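1. Provided below for reference: sequence and predicted model.
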Amino acid sequence: MELKLHTSFPDELEGAWNLLLEQSVQHVPFLRYEYLRAWWQTRGGAEWEDVLLAIVTGWEGSELCGVAPLFFCPNFEGDAALLLLGSIQISDYLDLIAPAAKMKTFIESLLPFLANSAELPPWRSLYLHNLVDTSPTLTLLDEVARQQKWAFSSHTLQHSPYIPLPDSFEAYLAGIDKKQRHEIRRKMRRAGEIGQPVRYYYVQEKAGLDEEIDAFLVLMAYDAQKKRFLTPPMREHMRLTIHCAFDQDCLHLAFLEVGGEKAAGHLSFDYLDRIWAYNSGVNPKFAHLSPGWVLLGHELQWAIEHQKVEYDFMRGDEEYKYRFGAVDRYVMQAVLTPA
């Protein structure tokens, strides 16, 4: 397999990149060309500084067979390192991009290419964050590293729970804990009985999108931790990501309004018949109505009615996710070091 290094985004490969992703061992929204290009534009909302792009593509003749979307960081955990684009904070699932039939060959070519490339700055370790624990890439990396005498280690980073969705909302409710089923029904019913109009909706029009983004960021910032997270560069990144998702027809930005005022908001991606829940915010003025729970109930009902197969909470083991019936998977970190 012939490999090429790209130190700027190869826009001529956008279509081929996304087509390859559709066939890859992990097809997730955070690996789409548009998302990673936007992430690089802001360096992940200023998570990174003084880093260099190092995308490696693998070719068999004129066919694109693999992509390692990497960047170089001169000092990560004390190492000169290569990391996956999207790492670490705001891209929940990452991976190398290649079909199952090509992934081992791609990795077998990739490791010596990275170790011996005169075009890369000297580096010590390859850090691959946020690989789903079921990804075949983890096993293949271990296998190839052993063959090529590289050091390999991996460990669990975070829980990443999800809800498999049945074919009806009633079937979903019947499948969770009885107490939680009662709570969801009670809170959704109570919100509709307060004497003020309650509206659930999601953004469908480009006109007014920036106003809706502003409103969502206000809801996020009611939480002190999220307020610290929303630095000016991160706000720019969030806005860019939301516009990117809208343009790719996979944005699901939903709100619960009470009396015409936004009480809660969810930012998700509607992609591959799944809802990927990315972030949320709640107005404490409406805390007595549990608007986050009510909105999530509406979101699950909408997802089931629109035949989504999964509601993915992504990273984080917050208790409410399990109370809504989520089951665990995990994201991993793999570290490889040449001999």
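-> Arrived safely, thanks for sending.
2. tell me the domain boundaries of this structure?
-> Using automatic domain parsing, the domains assigned to the chain come out as 2-159+331-337, 162-312.
3. torsion angles phi and psi at residue 205?
-> Note on residue 205: backbone dihedrals following degrees, to the nearest 10 are phi -120, psi 140.
4. got a list of what it touches?
-> Applying CB atoms under 8 Å, 6 or more residues apart in numbering to residue 205 gives no contacts. Where C-beta positions appear, they are placed from N, C-alpha and C, glycine not excepted.
5. ok, the one 4 residues further on next?
-> Neighbour list for residue 209: 203, 242, 243, 246 [criterion: CB under 8 Å, 6+ apart].
6. where does the chain have low pLDDT?
-> Judged by pLDDT under 70, the chain has no weakly predicted residues.
7. quick check: residue 16 vs residue 33, distance?
-> To residue 33, residue 16 is 9 Å away according to CB to CB, to the nearest Å.
8. could you check which of the two has the larger neighbour count?
-> Each of residue 16 and residue 33 has its neighbours counted (other CB atoms under 10 Å); residue 33 has more, 22 against 16.
9. can you give me phi and psi for the more buried one?
-> The phi/psi pair for residue 33 (degrees, to the nearest 10) reads phi -60, psi -50.
10. I'd say it and residue 20 touch.
-> No: under the criterion of CB atoms under 8 Å, residue 33 makes no contact with residue 20, lying 9.8 Å away.
11. report the outermost residue of this structure with respect to its centre.
-> Note on the chain: the largest C-alpha distance from the chain mean falls to residue 195, namely 38.1 Å (CA atoms, centre = their mean).
12. ok, how many other residues are close to residue 48?
-> 19.
13. ditto for the one 5 residues further on
-> Burial of residue 53 is recorded as 15 neighbouring residues (other CB under 10 Å).
14. report the buried residues of the helix or strand where it lies.
-> Element membership for residue 53, per DSSP states H and E: strand 52-60. Neighbour-count burial for strand 52-60 flags 54, 55, 56, 57, 58 (criterion: 16 or more other CB atoms under 10 Å).
15. check contacts around the fourth one.
-> Listed by CB under 8 Å, 6+ apart, the contact set of residue 57 reads 3, 4, 6, 10, 13, 64, 66, 67, 68.
16. so which of the residues you listed belong to strands?
-> 3, 4, 6, 64, 66, 67, 68 (DSSP state E).
17. buried members of the residues you listed into PyMOL, please.
-> Selection of buried members from these for PyMOL, criterion 16+ other CB under 10 Å:
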select buried, resi 3+64+66+67+68
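18. just give me the neighbour total for residue 213.
-> Neighbour tally, residue 213, other CB under 10 Å: 21.
19. distance of it relative to residue 126?
-> For residue 213, the distance to residue 126 equals 35 Å [CB to CB].
20. likewise for residue 220?
-> Going from residue 220 to residue 126 by CB to CB gives 33 Å.
21. hang on, the earlier thing: can I get the buried residues of strand 52-60 in CSV including distance to residue 314?
-> Putting those into CSV (distance: CB to CB, whole Å) gives the following:
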residue, distance to residue 314
54, 26
55, 24
56, 26
57, 27
58, 28
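22. in the protein, which spans are helices?
-> Using DSSP state H, the helices assigned to the chain run over residues 14-22, 33-46, 100-116, 136-147, 169-174, 178-191, 209-221, 224-229, 232-247, 291-305, 319-323.
23. just to revisit the earlier point, and of the domains of the chain, who's closest to residue 324?
-> For the domains of the chain, the distance to residue 324 is smallest for domain 162-312, at 6.5 Å, taking CB to CB.
24. endpoint to endpoint, that closest one covers what distance?
-> Length of domain 162-312, first residue to last, CA to CA, to the nearest Å: 4 Å.
25. going forward, count from 11.
-> In the new count, where the first residue is 11, that last one comes out as domain 172-322.
26. hmm, back to that, quick one: which of residue 230 and residue 136 has more around it?
-> Between residue 230 and residue 136, residue 136 has the larger neighbour count (other CB under 10 Å), namely 25 against 21.
27. okay, now the closest residue to that one other than its chain neighbours: neighbour count?
-> Spatial nearest neighbour of residue 136, excluding adjacent residues (CB to CB, 6 or more residues apart in numbering): residue 346 at 4.4 Å. Neighbours of residue 346 under the rule other CB under 10 Å: 23.
28. any idea how far residue 279 is from residue 346?
-> On the measure of CB to CB, residue 346 and residue 279 end up 29 Å apart.
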